[in-house]
Every structure is written in C-alpha cells, then in structure tokens.
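In: for reference, the sequence and a predicted model appear below.
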Amino acid sequence: MDKKNINENNDDKVSSPEEKNITEDTKKGDEKEEVAPEEIIKELEDKLTRTFAEMENQRRRYEKEKDDAFEYGGFTFAREALNLLDNLDRSKITLENDEKLKNSDLSKKIFEHLDIIKKDMVSIFKKNNIEQIETINKKLDPNFHQAMMEVEDASKDPGTIVQEIQTGFMMKDRLLRPALVAVSKKPNNSEKKDEIDKNEAKKDKN
C-alpha cells in the first residue's frame with residue numbers, strides 16, 4: 001500500500017468537528033449522571049421512611065376497621081330490625097281503630113301480646129347497646145331529631161319537641177335513625193289578634 005492510500009484511510013478515521021462535539025457532550029452527560037454514594041443512601045433512606053409511614057397508616061386503618069367491625073358489625077341488621085317495632089305499632093293502631101274489635105276481650109288480649117313482644121324486642125336491643133332517643137319536651141337536636149311539622153304552642157319554647165311521630169335509636173355513639181318529631185312554635189300574632197278582636201266583638205254585642 002502506498003503512502004497516499006495510507007493517508008486517505010487515516011483521513012477517513014479522523015472524526016469531524018460535529019462528531020467531536022457529540023462525543024464531548026456524551027462524556028459530560030455521563031459525568032453529570034454520576035451521583036455521590038451519600039446522595040444514593042439519603043434517597044434510599046427517604047424511600048424507606050415513606051414506605052414505613054405508609055405501612056403504619058395502613059396498619060392503623062386496619063385496626064380501626066377491625067374495631068368498627070367488632071363494635072358495629074350488626075349495625076345494618078339492627079337498623080332493618082327497627083321495622084319490626086314499627087310494624088308492631090302500626091298493627092296496634094289498626095286494631096284500635098277496628099270497630100268490631102274495640103273494647104272487646106279479644107282486642108285486649110291481642111294488645112297485651114303485642115306489648116309483650118315489643119318490650120322483649122326493646123330489651124334485646126338494650127342488651128346490644130341500642131337505645132331509644134329521648135324526644136318529648138327535649139330541645140330539637142338535628143344530630144338526633146328530624147322535625148316533620150310545627151305545632152303552635154305558647155306554653156313551650158320554640159323548637160321544643162311536643163310529639164313523637166317515629167321513635168329514633170342510637171347504637172352506642174352512632175345514630176341508627178333519627179327520631180321524627182313535631183316541634184313547637186310561637187302562635188301567629190295576627191291570628192291571636194283576630195281571636196282577641198272576635199272575643200271583644202262578642203262582649204260588645206252582649
């Protein structure tokens with residue numbers, strides 16, 4: 001091989017300026033990607049800390065769910081069972097309004113049996129920490145009561161429960177269902193004035 005051919009082959013092997021720049025940038029990039037061992041260790045420690053924190057939160061959630069399942073496992077069943085009490089009360093009202101059964105010995109016996117069944121059910125509920133919500137003469141509390149109507153009553157403070165439409169129940173510290181109630185309100189002044197005017201008009205006629 002002559003000298004001229006050797007020089008040509010060497011020229012082919014010499015990198016162009018662009019190729020040199022690419023090579024230098026690649027080397028610089030490799031240098032930038034290099035991370036100190038201390039930083040790697042710190043990053044791993046952070047990941048471990050976050051992982052342990054997530055595991056602890058999950059463990060607490062599991063413990064709470066387990067406790068709730070133990071304490072309130074029969075919550076849905078208890079709420080459905082309240083319909084039995086409602087049906088007993090409705091049955092009693094229906095029988096009381098039956099003209100054929102009114103004041104008969106048969107109706108008295110039926111009422112006695114219905115009362116016994118209801119007392120037994122209420123007793124079972126109490127044993128399982130299910131209690132009736134107090135209503136009559138209590139101040140309306142949206143956490144336990146649901147007002148269905150207002151009744152004018154000058155002798156009561158506004159918002160006082162004067163009638164229970166449906167009994168409410170608590171299961172420990174949880175609301176099974178709110179009590180449906182009627183609350184008092186102040187009498188309408190205009191109606192009261194009309195009534196006074198009518199009474200005065202009657203006196204004048206007399």
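Out: Arrived safely, thanks for sending.
In: in the protein, which spans are strands?
Out: Counting by DSSP state E, residue ranges of the strands within the chain are 130-132, 145-152, 161-166, 169-171, 174-177, 179-185.
In: helices of this structure, start to end?
Out: Ranges of helices in the chain, per DSSP state H, are 3-13, 17-33, 37-72, 75-96, 105-127, 189-205.
In: compute the inter-axis angle for the third one and helix 75-96.
Out: Helix 37-72 and helix 75-96 meet at an angle of 20 degrees, taking axes from the mean of the first three to the mean of the last three CA atoms, to 10 degrees as the criterion.
In: could you give the mean pLDDT of helix 37-72?
Out: Helix 37-72 carries an average pLDDT of 77.
In: now the first one
Out: Helix 3-13 comes out with an average pLDDT of 48.
In: same check on the second one?
Out: In this model, helix 17-33 has a mean pLDDT of 53.
In: what of the fifth one?
Out: The average of the pLDDT scores along helix 105-127 is 89.
In: now do the buried residues in it.
Out: Within helix 105-127, the residues scored as buried using 16 or more other CB atoms under 10 Å are 107, 110, 121-122, 125. Any C-beta I mention is one placed from the backbone N, CA and C, and that applies to glycine too.
In: repeat for the third one
Out: Applying a neighbour-count criterion of 16+ other CB under 10 Å, helix 37-72 contains no buried positions.
In: again, but for stretch 129-141
Out: Neighbour counts over stretch 129-141 (16+ other CB under 10 Å) mark 130, 133, 135, 138, 140 as buried.
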